[in-house]
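Participant: Fold the stuff below for me.
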Amino acid sequence: MSFGTDGGVAQSTLVKENEYPAKFAEAVKAKIAAMRIAPPQQDGKPAALRSGVRLSYLVTPSASGGTVSLQETLLAPLPIREVYAAYPKSLNREDSWQGRIDIRCEIDITGQCLNPIMSTDNGSLPEDARRFAKDSITKWKFAPQTLNDQAIPGEFRMSIDIVPNPRQIEDFRDPRKL
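Facilitator: Have a look, this model is predicted:
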């Protein structure tokens, strides 16, 4: 998404638009088109910003159709490659830890995640869960934010929910042939 020097949306694209119901996608695009930000400054003058925008919605189903409300709007570098590490078997048992891992990392001007920090509000975070989150996010690639067409560092935040699934299908291949 690009914001002009006046803080208004100059250009936008809804990523993965085909994954959403058409009415929802149209409503999101209308919300994005109406967005305004305080124009960032460069050398004391308003500057154009290109950034990813994460919109977080709360969906509340009901018998009459439910409601959808915008919870958060966050400017951040845009993920362009998402890679997840192998899921640890130790987290897939019925008695294993489960919860949400919050991840925060700095994105440099080349689009790499640096210094990822993992946390949880579900007590202590097991090392296997921490390693899974870190190994995953450090493989991601981002389009860095730009200010007047110059890449700038940014911050990216996301959450991963860890839920054990002990009925996961076993790998039937012969490990000697892999």
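Participant: hey, where'd the strands end up in the protein?
Facilitator: With DSSP state E, the ranges of strands along the chain come out as 2-3, 9-11, 41-42, 45-46, 49-50, 52-60, 67-76, 78-81, 99-107, 113-119, 141-143, 145-147, 150-152, 154-162.
Participant: Relative to N92, which of those strands is closest?
Facilitator: Shortest distance between N92 and the strands of the chain, using Cβ to Cβ, is found for strand 154-162: 9.4 Å. The way it works is simple: take the backbone N, C-alpha and C, and place the C-beta from them, glycine included.
Participant: So for P88, which of the strands of the chain sits nearest?
Facilitator: Across the strands of the chain, the minimum distance to P88, taken as Cβ to Cβ, is reached by strand 154-162, at 9.2 Å.
Participant: Pretty sure L74 sits against I37.
Facilitator: No - using Cβ atoms under 8 Å, L74 is not in contact with I37; the gap is 11.5 Å.
Participant: Please identify which of the two sits among more neighbours.
Facilitator: When neighbours are counted by other Cβ atoms under 10 Å, L74 and I37 differ, and I37 comes out ahead with 16 against 13.
Participant: ok, the more buried one touching T5?
Facilitator: No - counting by Cβ under 8 Å, no contact exists between I37 and T5, whose distance comes to 11.1 Å.
Participant: quick one on the thing from earlier: now the strands of the chain as TSV including distance to P88?
Facilitator: Compiled in TSV, the strands of the chain are given as follows (distance: least, Cβ to Cβ, whole Å):
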stretch	distance to P88
strand 2-3	40
strand 9-11	41
strand 41-42	44
strand 45-46	47
strand 49-50	36
strand 52-60	27
strand 67-76	27
strand 78-81	22
strand 99-107	12
strand 113-119	14
strand 141-143	23
strand 145-147	32
strand 150-152	34
strand 154-162	9
